[in-house]
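Asks: heads up, no residue letters with this:
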């Protein structure tokens, strides 16, 4: 049965059609997309109202004319100031040069006004999750707009979610009242009067804030829970990253797994980990909020473990005289300061020395030997631009060392059939192809004969439609030729080269919805696709990794893309010799839009991804699958939660793993079991970017789109990761 195209609502609807509206007003929209826009406006009151306002504003400015100087120099207005009542001449202040300048100024003002009118209003989307939440006492049916100064309120049975522009999401629990305060370029702010929220924010540090009666919560790139009690106390628990709490210069830096309590008029208390002893917690409460003295401090020091070093670090600035010396001695015994940090410098609260010690203590607090703290080696180097901007493309290393880049979505929303080649020798991109069909969300697989098999994808962005067609790229001629059709249309599927030279194609989103669990085999010998056994579950945006014995590990995935259902934690193994899929142990969490790579020791590392909450459910976690044990175990945490990284993770020649999509690049080092952030950045979060290991051992990173703006702009930039 054919599935109706997915029509987005709320903020997704605005993102898709806003650019089309502006292009239509400017006369720059082609006929097909104009018809599509008109059909949408007939069914969407929100967009229809927005479009009418934009048309009205455009006509108002277009019809505005500057009065010409009348014959004889008579002006239709009187200049201000002391002027004779019988004055008939144009004031010298309004001579022709000045009038021309004024006309230009008015045109500039009109242009700026038009630009302002074209810009989205300072409003965020609110989605009803359960019950009867309200915006300014107006019931939220399915979604609503939250404007500056307005409140969202939930009763005892209601929950809602605020889409914080493109920065992330805030889930609102029952019995909560929260206000939208500010939305500037670098200052996005809510005010939590009472209740409980869960925030997941992807913005750069110190751009998203939540005011409470007892403190200001400052996002440093994280996920956290924030509670304001009926007594106006603030309780913060950080689940990933860091959050700063501040009131009148008193600040606490709260890491993942830690809690901090703030009280009105006093500010944030000292952070502590949840599993700290009850004696330590009680002593901290008295020390922070009840004028505790030496007795409480001695309890804190005696109860502190190595894990509590960050708590002690905060106490350095909160203790005086001999008490600060006692804190220093205890902290130094648990984790000696770095070489350049001196006792005198710490006791005098030298800021640079305090920060240097804290950087080491961050690792010590999670049980890592400070001498093995993760510092990612290597560097990022820009290597010019691709010919086309892309995301959702493919990048494939050819046998001659060049990289073939195909398809994807361009920055204006169009899907590409173009292809280009990157030559490591010249570090230049050159056009080749094109493909016979435009594609995004497709696959590309290097075959043993040196050709590249392209399968499936979509011609309609990522939300609707899928393709069954396939084609082959021949590096010798630089051309694409048809390669028949798969048995089913597929998007967000996987194509995996088996050790016998054939290609296993699994799952994906399909117009034939029930066939998400299907699989098939491509045989290069006869250029044909034949059905294989079906997987045990329907999967799209899953992973498929060949392990050392030739079998294929399949992990996670979801039944759909933009509105996923039944995101899976399951895994299964495909055996080419018996053409069977067999279930194995489950992952620790459900995942889709994640990535996986085979490690040198034969295990598979599974990285990142998300749950059904998409942006709000991104993971910083990773885990190993051990084929010998048939189960998954934890593999540490990334520095950044990320998803949409299916082709942005590669195994380097040195045995380390590069993670180059969905955020700042990171390196996983098996020797330490840690992820370390690569110094420097590539400018954007790079969702659906690709990373390709080159013959030299470097990795080429290209394309992707940014989460910093709402229209998912792809980019042309390319970077090399160069291991040291």
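Replies: Thanks, I have it. Predicted, not measured: the structure shown is a model, and the values here were computed from it. Numbers count the residues shown, from 1 in each chain.
Asks: isn't there a strand covering residue 490?
Replies: Yes: according to DSSP: H, G, I helix; E, B strand; the rest coil, residue 490 belongs to a strand.
Asks: can you give me the distance of the nearest residue to it once chain neighbours are set aside to residue 541?
Replies: With sequence-adjacent residues excluded and distances taken as C-beta to C-beta, 6 or more residues apart in numbering, residue 490 is closest to residue 508, at 3.5 Å. C-beta: built from backbone N, CA, C; applies to glycine. Note on residue 508: its distance to residue 541, by C-beta to C-beta, to the nearest Å, is 9 Å.
Asks: joint contacts of these two?
Replies: Shared contacts of residue 508 and residue 541 (C-beta atoms under 8 Å, 6 or more residues apart in numbering): residue 492.
Asks: of these two, give the one with the bigger neighbour count.
Replies: Taking other C-beta atoms under 10 Å, residue 508 and residue 541 do not tie; residue 508 has more neighbours (32 against 28).
Asks: in the chain, which helix or strand is least confident?
Replies: Lowest on mean pLDDT, DSSP states H and E among the helices and strands of the chain sits helix 96-118, with a mean of 41.
Asks: need the contact partners of the next helix or strand after it.
Replies: The element immediately downstream of helix 96-118 (helix or strand, assigned by DSSP states H and E) is strand 123-130. With contacts defined as C-beta under 8 Å, 6+ apart, strand 123-130 is touched by 10-11, 14, 133, 135, 140-148, 152, 157-165, 171, 180, 183.
Asks: now those residues: which count as buried?
Replies: For the contacts of strand 123-130, a burial check counting by 16 or more other C-beta atoms under 10 Å picks out 10-11, 14, 133, 135, 140, 143-146, 152, 158-165, 171, 180, 183.
Asks: my read: the residue nearest to residue 490 touches residue 486, true?
Replies: No: using C-beta atoms under 8 Å, residue 508 is not in contact with residue 486; the gap is 9.3 Å.
Asks: which residues do these two both contact?
Replies: Counting by C-beta under 8 Å, 6+ apart, the residues touching both residue 508 and residue 486 are residue 456.
Asks: helix, strand or coil for the residue lying closest to residue 135 once chain neighbours are set aside?
Replies: Closest residue in space to residue 135, ignoring its immediate chain neighbours: residue 144 at 4.9 Å, by C-beta to C-beta, 6+ apart. Taken by three-state DSSP, the conformation at residue 144 corresponds to strand.
Asks: report pLDDT for residue 144.
Replies: You'll see residue 144 listed with a pLDDT of 93.
Asks: any idea how far it is from residue 134?
Replies: 9 Å.
Asks: cool, and residue 251?
Replies: Counting by C-beta to C-beta - residue 251 and residue 134 are separated by 34 Å.
Asks: how about residue 631?
Replies: Residue 631 is 47 Å from residue 134, by C-beta to C-beta.
Asks: more neighbours, the two?
Replies: A direct count of neighbours by other C-beta under 10 Å for residue 631 and residue 134 places residue 134 higher, at 18 against 15.
Asks: isn't that one right up against residue 141?
Replies: No: using C-beta under 8 Å as the test, residue 134 is too far from residue 141 to be in contact (10.9 Å).
Asks: what sits against residue 648?
Replies: So residue 648 contacts 595, 659, 660, 661, 662, 686, 688, 689, 690, 691, 701, 704 (C-beta under 8 Å, 6+ apart).
Asks: flag the least confident of these.
Replies: residue 662 (79).
Asks: what's the following helix or strand after the helix or strand where residue 197 lies?
Replies: For residue 197, the host element (DSSP H and E) is strand 187-201. Heading C-terminal from strand 187-201, the first helix or strand you meet, by DSSP H and E, is strand 208-211.
Asks: residue 253 pairs with what?
Replies: residue 244 (DSSP bridges).
Asks: I should have written residue 503 there, sorry.
Replies: Assigned bridge partners for residue 503, using DSSP bridges, are residue 497, residue 522.
Asks: can you give me the pLDDT of it?
Replies: 98.
Asks: which stretches of the stretch 301-450 of the chain form strands?
Replies: 379-390, 394-397, 403-406, 419-423, 428-432, 443-446 (DSSP state E, counting those that start in this stretch).
Asks: what are the contacting residues of the third one?
Replies: Residues from elsewhere that reach strand 403-406, judged by C-beta under 8 Å, 6+ apart: 386, 390, 393-398, 418-422, 424, 429, 432-433, 435, 439, 442, 444, 452, 454, 473, 475, 690, 692, 694, 700, 702-703.
Asks: sheet partners, orientation included, of it?
Replies: Here, using DSSP bridges, strand 403-406 pairs with strand 394-397 (antiparallel), strand 419-423 (antiparallel).
Asks: dump the residue contacts of residue 633.
Replies: Here residue 633 is in contact with 623, 624, 626 (C-beta under 8 Å, 6+ apart).
Asks: what do you get for residue 255?
Replies: So residue 255 contacts 238, 242, 271, 310, 362, 365 (C-beta under 8 Å, 6+ apart).
Asks: who's the first one bridged to?
Replies: Counting by DSSP bridges, residue 238 is bridged to residue 224.
Asks: run a quick neighbour tally on it.
Replies: Close neighbours of residue 238, defined as other C-beta under 10 Å, add up to 23.
Asks: how close does it sit to residue 294?
Replies: From residue 238 over to residue 294 (counting by C-beta to C-beta), the distance is 30 Å.
Asks: same thing with the last one?
Replies: Per C-beta to C-beta, residue 365 is found 25 Å from residue 294.
Asks: so between these two, which is more surrounded?
Replies: Taking other C-beta under 10 Å, residue 365 and residue 294 do not tie; residue 365 has more neighbours (24 against 12).
Asks: excluding covalently adjacent residues, which one is nearest to the more buried one?
Replies: residue 310 is the one closest to residue 365 (C-beta to C-beta, 6+ apart), at 5.0 Å.
Asks: can you tell me which residues contact the one you found?
Replies: Residues counted as contacts of residue 310 (C-beta under 8 Å, 6+ apart) are 253, 255, 258, 271, 358, 361, 362, 365.
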